[in-house]
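Peer 1: I need the structure of the sequence given here:
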Amino acid sequence: MKAEVFVMLFFDDGYEEDVRIARMLYQRNIKATFAITVKNIGKELDENDLVYLAKTGEILSHGVNHVNLVKLLRYSPSLTYSELRDSKIFLEKLLGIHIKGFAYPYGVYNKSLKELIVKAGYEYARSVDLPSIAPRIYDKYAIPVTMVDYRPAILHLFKSLLRLRTKLNTFVLRLLVRYLSSTSHASILKLMLIFLKELTNYVRQYNKVFSVLLVFHSKCFNYESFKVFKTILDYIKENAGILKTLTLGEYTRLIRILNSKEVKV
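Peer 2: Residues are numbered from 1 along each chain as shown. Next up, the predicted model:
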């Protein structure tokens, strides 16, 4: 396999700013994945907006009301299932497409919730477990990410590292130190750019393959954030030979193919 970095860009919740971002992506032929909360349709986005986002990449369900589904499951399994199933059905009817993936609100999940995800008809689900750069999916119903656009809590990082059994190599250690010292939304986006550049250079030098999954919330973007984000997109476009953007669905299919080839070998 040639040296490259699989890049997944996620935009959670479904804000009106997603449309501006989708235009920026479309102009550069960059794919992305949008996780939509149904309650935001009609408030933040309309049907035409969603159709445009779907053309830019993939639409995931993010639930009906963006609630902590693990907590809800303790009190009402039926309401939890409705959050999963109703959001899927609504988006499919509205857009006329098959919604295959789910993004956990607040990134929280457990074994019981994953079982409901399967029952609701989803094929994969994304968490916000951090940080992952390995081009491998160990659990397609708890796909981890590399960074989110807010500074993570120490406890969340600790739980993620234990759950993922992440190896603290030089890249990961450097990322964590910088990540925890970030002071603003724009500074985190700058860190994403720095990390992409470092990883690109490493891949060129050592002929490796990595994956980078970045999660954004466009409502948090300010003027400085958009400037940095544009630089990120331009860098991805300029290095398209190594930085390959994929939707989450494309990524899961690609990793499955790569894993099957490894088994055959």
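
Peer 1: for the chain, what's the longest helix?
Peer 2: Counting by DSSP state H, the longest helix found in the chain is helix 185-206.

Peer 1: who does that helix touch, helix- and strand-wise?
Peer 2: strand 4-13, strand 147-148, helix 170-180, strand 209-216, helix 223-238 (3 or more CB pairs under 8 Å, 6 or more residues apart in numbering; DSSP states H and E). Backbone N, C-alpha and C define where each C-beta goes, glycine included.

Peer 1: what's that helix in contact with?
Peer 2: 3-5, 7, 133, 146-147, 149-151, 171, 174-175, 178-179, 182, 208-210, 212, 214, 220-222, 224-225, 227-229, 231-232, 235-236, 239, 242-243 (CB atoms under 8 Å, 6 or more residues apart in numbering).

Peer 1: for that helix, which positions count as buried?
Peer 2: 185-193, 195-196, 199-200, 202-203 (16 or more other CB atoms under 10 Å).

Peer 1: ok, now stretch 101-110?
Peer 2: Residues G101, F102, A103, Y104, P105, G107, Y109 are the ones in stretch 101-110 that count as buried (16+ other CB under 10 Å).

Peer 1: what's near enough to touch the last one?
Peer 2: Applying CB under 8 Å, 6+ apart to Y109 gives the contacts L69, V70, I117, A125, S127, Y141, A142.

Peer 1: next step: these restricted to strands.
Peer 2: Members of the contacts of Y109 lying in strands (criterion: DSSP state E): A125.

Peer 1: as TSV, the buried residues of stretch 101-110 with pLDDT would be great.
Peer 2: TSV is the format used below for the buried residues of stretch 101-110 (pLDDT from 0 to 100):
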residue	pLDDT
G101	98
F102	98
A103	98
Y104	98
P105	98
G107	95
Y109	96
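
Peer 1: narrow the residues you listed to those in strands?
Peer 2: Counting by DSSP E, the buried residues of stretch 101-110 place G101, F102, A103 in strands.

Peer 1: still on that earlier bit, and the buried residues of helix 185-206, which two are furthest apart?
Peer 2: Farthest pair in these (CB to CB) is H185 and V203. Separation: 27.2 Å.

Peer 1: quick revisit: quickly, which of the helices and strands packed on helix 185-206 bottoms out on average pLDDT?
Peer 2: Note on the helices and strands packed on helix 185-206: helix 170-180 shows the lowest mean pLDDT, a mean of 83.

Peer 1: can you check what angle separates it from helix 185-206?
Peer 2: Between helix 170-180 and helix 185-206, the angle comes out at 170 degrees (axes from the mean of the first three to the mean of the last three CA atoms, to 10 degrees).

Peer 1: got the buried residues for helix 170-180?
Peer 2: For helix 170-180, by 16+ other CB under 10 Å, it's F171, V172, L175, L176, Y179.

Peer 1: what's the separation between the fourth one and K159?
Peer 2: Pointing back at L176 there. Applying CB to CB, to the nearest Å, the value for L176 to K159 is 14 Å.
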